[in-house]
Structure formats: structure tokens, C-alpha cells
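[1] following is a predicted model, sequence given first.
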Amino acid sequence: MKGIKAVADLLLNYPNSRARYLIHKYCYNEKINFWLRAQFPDDSKQFLDEFKRIQISLIASYHDYYDQKKIGDQPKLFSDLYKRVSFSIENGRMALRSIDSVYLTAFICSMAASSNYLAMNFPQWIQTSIVDDVLKITSFNENISPYITNQIMMCVQKIKSKVPNGCFEGINHLAPIFNKLVELNNQRSTQLEPDDQSPDESLGLYDTPFKHSSSQSVLYQQLIAAKFNKFKKHKEEEIAKGSNSERLCKKLYYRNLMSSINPTSGAWLSAGMSHPSFLLSPFEFTAALCRRNTIYNTSIPTLNSHVTENPQNYQCPCYGRIIMIDPYGYHLTNCKIAGGAIRLHDNVVHTLVMLFRSLGLSVALEPLHVFSQIEADDERRPDILIRNPHGGGPQTVVEVAVSSFNNRNRTNNNKPEQVPIETEKQKTRKYGKAAEENHLRLCPAAFSTTGEMGPSIKKLLLEQIRLKLQLVDGEVKRSKVQKIMKHCVRHISAAINRSASRNIFLKVTKMVNLARHNQQNFSSSTFCDSTSSSASSSPDELVQQPTTRTSNYKSRCYPKLSLFLVLENVLHVYLDKYT
Ligand SMILES: [Zn+2]
């Protein structure tokens with residue numbers, strides 16, 4: 001435990017929080033699983049609580065909460081956060097694993113994996129024989145080691161209570177339990193790809209559903225899926241409870257959660273750090289995660305009701321009505337004032353152009369006179385024109401729009417797709433007729449601030465990738481389409497996420513400046529030296545550049561950092577190769 005804690009402390013001191021998350025996810029958690037597999041569940045119980053505490057402090061640090069006392073004071077908030085981040089990235093979270101579920105599956109699966117060898121060495125305990133060409137356990141003497149029997153049965157009972165109709169349904173004895181686990185282990189080689197695929201699966205965005213490496217991962221998936229469904233249901237029920245403002249907060253939380261359950265929103269999280277556009281400064285990473293997990297972003301100034309301040313500094317009139325700026329950063333993400341929304345839009349457009357060009361397409365950015373064939377004075381400039389779409393169809397106009405996940409078009413909490421679909425319709429209303437008259441094909445590219453992608457742009461990208469492959473390779477391999485599509489989705493997701501975080505950064509700097517300016521005017525302590533005056537330097541001068549590279553830290557102030565730098569580099573290579 002001491003060692004684990006020491007590593008966690010080192011990690012907490014490591015300044016690049018994005019890399020800290022990756023190390024936590026890929027290295028730190030993995031080791032614990034190996035250890036749990038070799039322990040009796042009873043013996044590792046105590047360890048779990050302590051380990052959870054350490055994990056919570058790491059998770060809190062990604063949201064810029066480092067004060068351990070503050071974390072300890074809000075156990076409800078952080079245990080809820082802990083639960084949230086354990087779910088998979090496609091389910092809108094961070095894939096940091098639920099240690100409770102790992103704990104329940106680890107021991108029994110490692111026992112099942114070694115049951116063959118145990119049978120060879122302890123024939124009185126376990127007996128095997130070959131049934132239908134498969135080696136099966138025929139009898140398991142449960143009285144020889146009652147302690148182990150109890151340990152296994154305890155885990156199985158707990159799993160059963162969580163997943164009543166899971167793989168242990170109706171099984172009450174050790175021999176069939178082990179047979180079931182061994183069977184799960186072999187399943188991966190016999191399972192075929194299912195025929196009926198959802199559109200997103202055929203897009204190649206999901207991994208094939210049966211790509212499990214072991215019985216433990218099958219069991220774990222069942223456990224975590226049950227947990228996630230329970231969690232989601234609980235959050236939905238909560239919306240109706242509490243005071244008015246509480247309800248609003250919970251609705252926002254739930255809508256954000258539902259908007260993040262898709263394969264594109266979180267693609268930036270699993271993108272690694274190899275490409276420069278995937279890099280995030282600690283501020284940007286924190287802002288991104290606070291939005292993703294609906295946690296207060298401590299960098300965003302909030303109105304203190306005890307101090308006389310102008311509430312207008314914390315409001316924004318940008319969408320026709322005055323609203324309070326939320327502390328999660330949702331409004332600041334695409335606030336129309338000071339060009340935030342336009343910057344986000346333009347960054348997505350440029351990313352799309354880059355991706356289209358990498359597919360070998362000739363692309364014009366904001367071309368002039370596209371629609372002037374029919375009406376000469378049509379000055380509209382669509383975002384992108386593809387001059388030579390693969391497959392020889394008409395030239396294609398791509399119109400990009402990024403809208404907030406919680407805008408007026410969303411009437412149903414459970415239907416996040418309303419936002420991109422309605423945006424597509426708006427774009428078609430605006431450009432559809434003109435495009436048709438000019439013999440152009442219109443593709444509305446709708447995105448939400450959480451990173452959802454509208455169906456039209458997904459279709460266009462996929463179609464162009466397929467046609468390009470046909471042209472170059474002569475055949476279309478599904479795995480290749482998936483790989484290229486994944487690459488595109490990552491870039492788009494990363495572009496939306498980074499621009500959103502930078503918008504928050506710029507706005508926060510402005511708000512801090514404004515507050516400072518107001519303070520200057522009615523401060524009573526004006527008799528100080530000018531050099532030490534609090535009004536002398538603006539935050540702009542002190543705030544570091546948005547992009548900080550890890551190489552700048554080196555081992556200057558953290559002697560053991562060199563270890564992490566090595567780890568980080570190894571991670572880069574690993575992520576490049578296998579994801
Ligand atoms: Zn605004």
C-alpha cells in the first residue's frame with residue numbers, strides 16, 4: 001500500500017495532468033488487477049477502501065481539485081464522481097474502471113484459469129474429463145477447502161445479486177461455475193461477428209462487441225453495464241426532485257450525460273498525445289473534464305453573494321436574453337460574444353478541410369460565388385466545397401454548424417440526437433434550394449459542443465473513405481475503413497474539445513480582468529507602493545501560454561520526473577501502435 005501511495009503522490013506532483021490520466025489508466029490500474037487476481041477476496045477488502053481514496057485524489061486532480069481536505073469534506077460529490085469516471089468512454093465517461101467490479105471478478109477468474117493445473121496436482125479436489133472434445137471439470141470437492149469454496153461463492157453471490165440474469169444464472173455449485181468461466185474464456189475464438197449492426201457499428205466506430213480477451217472482461221462488462229444502467233436511471237429520476245434551481249442543475253447534468261453517450265464525443269480522450277493537435281495544457285484538460293463530468297470549474301469566477309459586486313460581470317446577454325454564466329463552462333464554450341462561437345466553428349471547418357485533403361480531395365475553403373449561377377448577387381459563402389468527390393458525383397458543399405447540446409431544439413432529455421438533426425434541417429432550409437439549383441450536393445455537417453456528429457457528415461466521410469480505398473486498393477477492407485474513420489473522428493473530436501477549452505480560457509481571463517478593473521476603482525487600501533500594488537500587473541501578463549509542453553519541465557524541480565517522462569514516451573509509442 002505504501003508503494004502504491006508513494007506512486008500516487010508522485011503522480012499528483014506531475015504537472016502534466018493529461019499524461020497523468022493516461023499513466024493512471026494504462027499503467028497504474030492494470031497492476032492492481034494482477035495483484036487482486038492472486039489474493040483471497042477477504043484479504044484485499046481493506047486494501048480496496050484505501051485504494052479508492054487514492055484514486056479519488058487522482059481523479060479530483062484532473063478537475064483541478066488538489067486540496068485533500070476539501071475533497072474529504074465533500075464525500076458525496078467525489079464518490080459520485082468516482083462512480084462516473086469508471087464507466088467507459090463510449091458511455092460518456094473516462095474508462096477508469098470500477099475497482100469493486102474488478103475485485104469481484106479477479107479471484108474467481110484467476111482460479112478458473114488455473115483450474116486445469118490444480119486438477120493435475122490435486123486430483124482429490126478437482127477432477128476433469130473430456131466431454132464432447134472439451135476438457136470439463138466433472139467434480140469439485142467443496143469440502144476439501146471450505147475457505148476457498150466460501151470465498152468463491154461469496155463473489156459469485158455478489159455478482160448474481162448485481163446481474164441477476166448474467167452468466168451465473170441458476171448455477172450454484174463450483175464445478176459448473178468453473179466450467180462456465182472456462183467457456184467464457186474460449187468464447188472469443190468461436191464468436192462470429194453479428195449480422196445486425198447498428199449504424200454506428202457499421203461506421204466502424206464501435207469495437208466489435210465480442211472482442212473480450214478473457215472471462216474476467218466478459219464478467220466485468222456485465223457488471224459495469226448493470227451498474228451503468230442503474231446509475232443512469234437514478235440520475236433520470238433525480239431530475240424531478242429538489243428545488244427549482246436544483247432541478248435545473250440535475251437536468252443539465254443528465255442532458256450532458258446523455259449527449260456524451262456515443263462513440264465520437266469522447267474520442268479525444270483516447271486519442272493519446274502523439275499528434276500536436278491532441279495535446280492539451282493542464283488548464284484545457286481541466287476545463288474539458290469539468291464540462292464532461294459536470295463538475296464546478298474552479299477557474300471560472302462566480303458571483304459571491306456576500307460581497308457587493310456587479311452581477312452583470314457574471315451574466316451574458318449573447319443569445320438574446322440575459323443568463324448567468326454557469327460554473328461548468330457550458331455557456332463559455334460557444335458564447336457568441338468576443339468570437340467564441342465563431343472560433344469553435346472555424347476550427348472545426350479547418351479540421352474537416354485537413355481531413356478531406358488527406359483523402360485526396362480538392363477542397364476550397366469558403367469559396368466565393370458558389371451559388372451565383374442562378375442569381376448573380378448571391379454572396380453566400382458556404383464553409384467548404386469539395387470539387388472532385390470520389391465516385392464522380394456532383395460537387396459537394398459542406399456547411400458546418402456547432403450547436404450547444406442543451407439548446408432550444410432539445411425537447412427530450414433522452415434524445416440528444418435532436419440537436420444535430422435539427423441543425424441539419426436548418427442548414428438544409430437555408431442552402432438546400434440554392435444548392436439544388438446550382439447542381440451541387442449539400443452536406444450539412446452538424447456537431448454539438450459535446451462532440452456529437454450529425455448523421456450526414458458521418459455518411460459523407462464514410463462514403464468518401466470507401467470510394468478512396470476502392471480507387472487505391474481495388475478493394476474495401478472493413479478494418480481499413482474503421483481505422484481511417486477512427487482517425488477522422490479523433491481529429492474532429494479533439495478540435496471541438498480543444499477549441500471549447502480555449503474559449504473558456506479566454507473568457508475566464510476576460511472575466512478576471514473585468515473583476516480586477518472594478519476592484520481598482522473602489523479599493524480603500526490605496527496607500528501602498530506602486531510596485532507592490534495589486535493593480536499593477538494584469539493577469540494576462542502572468543498567465544502562462546495555453547500550450548505547455550512536458551519537455552519544459554524536465555527534471556528541474558521534480559527529481560523523479562525523469563521516470564515519468566520515460567513512461568510517457570513509452571505510452572506514446574504504445575498508443576500509436578495499438579489504438
Ligand atoms: Zn455568452
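    Here it is on my side, so go on. Residues are numbered from 1 along each chain as shown.

[2] which helix or strand contains residue 21?
    helix 17-23 (DSSP states H and E).

[3] with just CA atoms, put that helix into PDB.
    Below are the C-alpha coordinates for helix 17-23, written out as PDB (Å, rounded to 0.1, in the frame of the first residue of the first chain):
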ATOM      1  CA  SER A  17      -2.400  16.200 -15.900                       C
ATOM      2  CA  ARG A  18      -3.300  14.800 -19.300                       C
ATOM      3  CA  ALA A  19      -0.300  12.400 -19.200                       C
ATOM      4  CA  ARG A  20      -1.100  11.700 -15.500                       C
ATOM      5  CA  TYR A  21      -4.500  10.500 -16.600                       C
ATOM      6  CA  LEU A  22      -3.000   8.200 -19.300                       C
ATOM      7  CA  ILE A  23      -0.500   6.700 -16.900                       C
END
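
[4] other SSEs contacting that helix?
    helix 2-13, helix 41-62, helix 282-293, helix 561-578 (3 or more Cβ pairs under 8 Å, 6 or more residues apart in numbering; DSSP states H and E). The way it works is simple: take the backbone N, C-alpha and C, and place the C-beta from them, glycine included.

[5] can you tell me which of these comes nearest to residue 493?
    helix 282-293 (10.7 Å; Cβ to Cβ).

[6] return the residues in contact with residue 470.
    residue 476 (Cβ atoms under 8 Å, 6 or more residues apart in numbering).

[7] give me the pLDDT for it.
    You'll see residue 470 listed with a pLDDT of 89.

[8] ok, now the one 3 residues further on?
    According to the per-residue confidence, residue 473 scores 85 in pLDDT.

[9] what residues does it make contact with?
    Neighbours of residue 473 in contact, by Cβ under 8 Å, 6+ apart: residue 480.

[10] gap between residue 300 and the ion?
    13 Å (Cβ to the ion, to the nearest Å).

[11] go on, residue 138?
    70 Å.

[12] is that residue in a helix, a strand, or coil?
    strand (DSSP: H, G, I helix; E, B strand; the rest coil).

[13] quick check: it touching residue 123?
    No - at 11.5 Å, residue 138 does not count as touching residue 123 under the criterion of Cβ atoms under 8 Å.

[14] what helix or strand does the residue in the stretch 451-579 of the chain that the ion sits nearest to sit in?
    Per Cβ to the ion, residue 507 is where the stretch 451-579 of the chain lies closest to the ion, at 8.2 Å. Element membership of residue 507 [criterion: DSSP H and E] is helix 478-521.

[15] ok so, going back, tell me the angle the next helix or strand after the helix holding residue 21 makes with helix 2-13.
    As assigned by DSSP H and E, the chain's next helix or strand after helix 17-23 is helix 29-37. Per axes from the mean of the first three to the mean of the last three Cα atoms, to 10 degrees, the angle that helix 29-37 makes with helix 2-13 is 160 degrees.

[16] what packs against helix 29-37?
    helix 41-62, helix 99-113.

[17] contacting residues around the last one?
    Okay, so that is helix 99-113. The contact list for helix 99-113 (Cβ under 8 Å, 6+ apart) reads 29, 32-33, 36-41, 44, 48, 51-52, 55, 86, 118, 148, 151-152, 155-156, 158-159, 177-178, 181-182, 185, 214-216, 219-220, 223-224, 227.

[18] near the ion, from those residues?
    Taking Cβ under 5 Å from the ion as the test, the ion is in contact with none of the contacts of helix 99-113.

[19] buried ones only from the residues you listed, please, as a ChimeraX command.
    Remark: buried members of the contacts of helix 99-113, expressed as a ChimeraX selection using 16 or more other Cβ atoms under 10 Å:
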select :29,32,33,36,37,39,41,44,48,51,55,86,118,151,152,155,156,158,159,177,178,181,182,185,214,215,216,219,220,223,224,227
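
[20] pretty sure residue 402 sits in a strand.
    Yes - counting by three-state DSSP, residue 402 is located in a strand.

[21] which stretches of the stretch 201-350 of the chain aren't confidently modelled?
    201-213, 305, 307-308 (pLDDT under 70).

[22] quick one, strands of it?
    315-316, 323-324 (DSSP state E, counting those that start in this stretch).

[23] hmm, back to that, just the mean pLDDT for the helix holding residue 21, thanks.
    On average, helix 17-23 scores 86.

[24] what's the answer for stretch 77-91, then?
    The model assigns stretch 77-91 a mean pLDDT of 84.

[25] how about it, which residues are buried there?
    78, 81, 82, 83, 84, 85, 86, 87, 88, 89, 90, 91.

[26] which bits of this structure sit near the ion?
    So the chain meets the ion at 316, 318, 335, 337 (Cβ under 5 Å from the ion).

[27] how about 8 Å then?
    316, 317, 318, 319, 323, 325, 331, 332, 335, 336, 337, 340 (Cβ under 8 Å from the ion).

[28] give me the nearest residue to residue 167, chain neighbours excluded.
    residue 180 (5.7 Å; Cβ to Cβ, 6 or more residues apart in numbering).

[29] show the pLDDT at that neighbour.
    pLDDT, residue 180: 81.

[30] taking their axis directions, the helix or strand hosting it and helix 99-113 sit at what angle?
    Using DSSP H and E, the element containing residue 180 is helix 174-190. Here helix 174-190 runs at an angle of 100 degrees relative to helix 99-113 (the same axes, to 10 degrees).

[31] before we move on, the earlier item: shouldn't the residue of the stretch 451-579 of the chain closest to the ion be in contact with residue 332?
    Yes - with contact defined as Cβ under 8 Å, residue 507 reaches residue 332; the gap is 4.4 Å.

[32] those two: who's more crowded?
    Set residue 507 next to residue 332 and count neighbours by other Cβ atoms under 10 Å: residue 332 wins out with 27 against 21.

[33] now the helix or strand residue 456 falls within: buried residues?
    For residue 456, the host element (DSSP H and E) is helix 455-473. For helix 455-473, burial by neighbour count (16+ other Cβ under 10 Å) applies to 455-458, 460-462, 464-469.

[34] please verify my assumption that residue 266 contacts residue 92.
    Yes - Residue 266 is in contact with residue 92 according to Cβ under 8 Å; the separation is 6.7 Å.

[35] what separation do you get for residue 28 and residue 10?
    To residue 10, residue 28 is 11 Å away according to Cβ to Cβ, to the nearest Å.

[36] that older thread, can I get the buried residues of stretch 77-91 in a markdown table including distance to residue 399?
    Shown next, in a markdown table, are those (distance: Cβ to Cβ, whole Å):
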| residue | distance to residue 399 |
| --- | --- |
| 78 | 43 |
| 81 | 38 |
| 82 | 41 |
| 83 | 40 |
| 84 | 35 |
| 85 | 36 |
| 86 | 39 |
| 87 | 34 |
| 88 | 32 |
| 89 | 29 |
| 90 | 28 |
| 91 | 31 |
